[in-house]
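1. Provided below are the primary sequence and the corresponding predicted coordinates.
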Amino acid sequence: MSARQTPLDEYLSLVRAFPLVSIRDDAYLKEALAAIDVMLDLPHRSEAQETYLSALTDLVETYETAHVVFPPRTGLDALRFLMESNELRQEDLAPIFGTKSVVSEVLNERRERKLTLEHVKKLAAYFHVSPAVFIDDARCHGKRRMTGRVKPGTTSSPSSWSASPSVTTGSRSSRRHTST
C-alpha cells in the first residue's frame, strides 16, 4: 500500500484486479485459487489483503461445497501424505510410536495396531496440524457427519489435510515442522 492509499482504496484495487463475484465454473475457480496462492505467498498481509483473502476463500468454499466431491479419507491417508510431503521414513516416526515395528504395523493397517489417541496427539504436535487430521472421516465408515473447514494458510494443506476431514482449496503441501 502506498503512503497515500487508504485501506479502502487498497481493498478496492484488489477487487478491481480480481472481482469478488460468485464462482460459476472450474475456470474461474482455477483463477481464484491462483489469486489465493499469490496472497498466501506474501510474507505479510495488510488488513485490506486479509479481508479480501477471507472473502475470496469464502467464495471458493461455497463453490466447492456445491460442485466438488472429495473422497473420504482416513487418518492413515493423512499420515502417509504428510510423511511423503516431508520425505519421512517409518523410522523417522519411531519416537512418536515407540518403535519402528509399531510404525510399520500401524501403516500396514494390522488389525491389532491402529492410531491411538496418544499417537494422534503426538502426530498433530509433530506436524503442527489439528488432531482432527488423523481422525477418520466418518464417510469412510458409512456415516454422515457435518464438518467445518479451515481457511487457506494453515499448515494442514494441500489444501488437503485440513482440520476437518473435508479437503480445502489450494495446492500447498505441508512442510516439515512449519509452525502455524
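-> Received the coordinates, thanks.
2. Distance of A132 relative to T116?
-> 15 Å (Cβ to Cβ, to the nearest Å). Just so you know, the C-beta spots here come from the backbone N, C-alpha and C atoms, and that holds for glycine as well.
3. Between the two, which has more neighbouring residues?
-> Between A132 and T116, A132 has the larger neighbour count (other Cβ atoms under 10 Å), namely 20 against 12.
4. Can you give me the buried ones in stretch 88-103?
-> 90, 93, 96-97, 102-103 (16 or more other Cβ atoms under 10 Å).
5. likewise stretch 59-79?
-> Buried residues in stretch 59-79, counted by 16+ other Cβ under 10 Å: 59-61, 63-64, 73-79.
6. which residue ranges form the helices in this protein?
-> 7-17, 26-41, 47-67, 75-85, 94-97, 100-107, 117-127 (DSSP state H).
7. buried set for the last one?
-> Going back to what we said before, that points to helix 117-127. For helix 117-127, a neighbour-count test (16+ other Cβ under 10 Å) marks 119-120, 122-124, 126-127 as buried.
8. before we move on, the earlier item: could you single out the nearest of the buried residues of stretch 59-79 to A35?
-> Closest approach to A35 among the buried residues of stretch 59-79 (Cβ to Cβ): V60, at 9.5 Å.
9. my read: that closest one touches I36, true?
-> Yes. The criterion here is Cβ atoms under 8 Å, and V60 meets it with I36 at 6.9 Å.
10. quick one: contacts for the closest residue in space to V15 that isn't next to it in sequence?
-> Nearest residue to V15, sequence neighbours excluded (Cβ to Cβ, 6 or more residues apart in numbering): Y52, at 6.9 Å. The neighbours of Y52, taking Cβ atoms under 8 Å, 6 or more residues apart in numbering as the test, are 11, 14-15, 20, 39.
11. Name the spans of the chain whose pLDDT lies under the cut-off.
-> Residue ranges of the chain with pLDDT under 70: 1-3, 69-72, 111-112, 137-180.
12. go with 90
-> 1-5, 64-75, 77-78, 81, 85, 106, 108-116, 128-180 (pLDDT under 90).
13. Tell me the residue in it that is farthest from the middle.
-> The centre of the chain is farthest from one residue, R4, which by Cα atoms, centre = their mean lies 36.2 Å away.
14. Quick check: that residue vs E10, distance?
-> Applying Cβ to Cβ to R4 and E10 gives a distance of 11 Å.
15. Equivalent analysis for E87, please.
-> E87 is 39 Å from E10, where distance means Cβ to Cβ.
16. Of these two, which one has the most company?
-> Neighbours were counted for E87 and for E10 using other Cβ under 10 Å; E10 has more, 18 against 8.
17. out of everything not next to it in sequence, what's closest to the more buried one?
-> That would be A48: by Cβ to Cβ, 6+ apart, it lies 4.0 Å from E10.
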